[in-house]
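Participant: One predicted model, sequence on top.
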Amino acid sequence: MKETVSVVSKVVLALALLFAIPQGAQALVFDKFEVITIPGGDLFTNVGPADPLPSTIDVSMPGLITHVTVTLFTLVHGFPDDIDIMLVGPGPTPVSLILMSDAGGGINGVDNFGLLDPVDLVFDDGGIPLPDEAQIIAGIFAPTNYGPGDTFTASPSNICSTAPSSLALSAFNGISPNGTWSLCIEDDQFTHTLVDPDDISDLGQGFAVGWSLDITTRQEPPQVPESSTLILLASGLLVLVAYARKVGGLT
C-alpha cells in the first residue's frame, strides 16, 4: 500500500511539473522598408496623410507581448512640429497610441524648421521625451504628444481613424502580437516661414524609408489542474500500467 501511494505521489508530481513548465521569452524584429512620403504643408494644399496610409507590418510569433519598441528609419521633414505619427496594433479592437505629435522646434530663428538631417528615431517607454522647442536628433524617445486631440485621415481600412487609446507602448503588454500593425503619419498644419521660397526642400516635405517593430513575448505556462484532477489522472495511469503488466507481461 505504501509503495502504491509513493508511486501515485511521484506521478502526481511529474504531472504537476509537466503542466507548470514555464516557456521562455522570445524577441523578434519585424521590419518594413518602403518609402513613406510625408506632405510638407505648402501654403495652400500640401497637407494631409502620408503615402502609403497606413504602412503595415504583419506579425506572427508565439506568446503574449511583454515589450514593444518601434523604430523609424531615415526620417526627414522640414517642419517636424506638423507631423503626427500613430501606431495601431492588431485585432478587432486594437490598441493605438501617438508616437510623436507636435514635437520639434525652430532652428536659426526659422519657425518649426527643426529636422534638417535624416534621423533614426527609436520609440521606447524607457526613452526621454522628444523635444518640444528644439531640433530633433537621432535617439531613443518615449512616445511624445504635445498636442492632444489629433485626428487622422481615414485610410481604406479606416484603421487610421481609430482614436488613440493609450499613452505608452506598455499598453500592448499582455495581448497577442499576431496580425497587422499599422503606422499612420499625417502632416496636420500648413507651412510656416520658409528659408527660401524658391527652394522646394523648404516646403517641409519629408519621408521615411521604413520602420520596424521589436517585440518581446513570453508564453504563459498552462494552468495547473486541481490536485483532485491530478490524482485521478495518476490513478488512471496506474490502472493502465497494472493492466499492461497483467496482459502483456510488462515488468
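Facilitator: Nice, thanks for sending it over.
Participant: can you give me the helices in the stretch 1-150 of the chain?
Facilitator: Secondary structure of the stretch 1-150 of the chain (DSSP state H, counting those that start in this stretch): helices located at 2-20.
Participant: Low-confidence bits of it, can you list those?
Facilitator: 1-23, 40-46, 105-116 (pLDDT under 70).
Participant: how close does residue 220 get to residue 49?
Facilitator: 38 Å (C-beta to C-beta, to the nearest Å). All C-beta spots, glycine's among them, are computed from the backbone N, C-alpha and C.
Participant: Looking at these two, which is more packed in?
Facilitator: Legend: neighbour count by other C-beta atoms under 10 Å for residue 220 and residue 49, higher for residue 49 (21 against 11).
Participant: Could you verify my assumption that the more buried one touches residue 152?
Facilitator: Yes - counting by C-beta atoms under 8 Å, residue 49 touches residue 152, with 7.0 Å between them.
Participant: residues shared between the contacts of these two?
Facilitator: 160, 184, 186 (C-beta atoms under 8 Å, 6 or more residues apart in numbering).
Participant: Throw the residues you listed into TSV and include distance to residue 117, thanks.
Facilitator: Converted to TSV, the shared contacts of residue 49 and residue 152 look like this (distance: C-beta to C-beta, whole Å):
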residue	distance to residue 117
160	28
184	24
186	22
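Participant: Keep only those of these that are in strands.
Facilitator: 184, 186 (DSSP state E).
Participant: could I get the shared contacts of residue 49 and residue 152 as CSV with pLDDT, distance to residue 141 and neighbour count?
Facilitator: CSV is the format used below for these (pLDDT from 0 to 100; distance: C-beta to C-beta, whole Å; neighbours: other C-beta atoms under 10 Å):
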residue, pLDDT, distance to residue 141, neighbour count
160, 89, 22, 23
184, 95, 18, 26
186, 91, 19, 23
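Participant: from the shared contacts of residue 49 and residue 152, which is closest to residue 64?
Facilitator: residue 184 (24.4 Å; C-beta to C-beta).
Participant: Find the nearest non-adjacent residue to the closest one, please.
Facilitator: residue 160 (3.7 Å; C-beta to C-beta, 6 or more residues apart in numbering).
Participant: my read: that neighbour touches residue 87, true?
Facilitator: No - judged on C-beta under 8 Å, residue 160 makes no contact with residue 87 at a distance of 10.7 Å.
Participant: Good, we can wrap up now.
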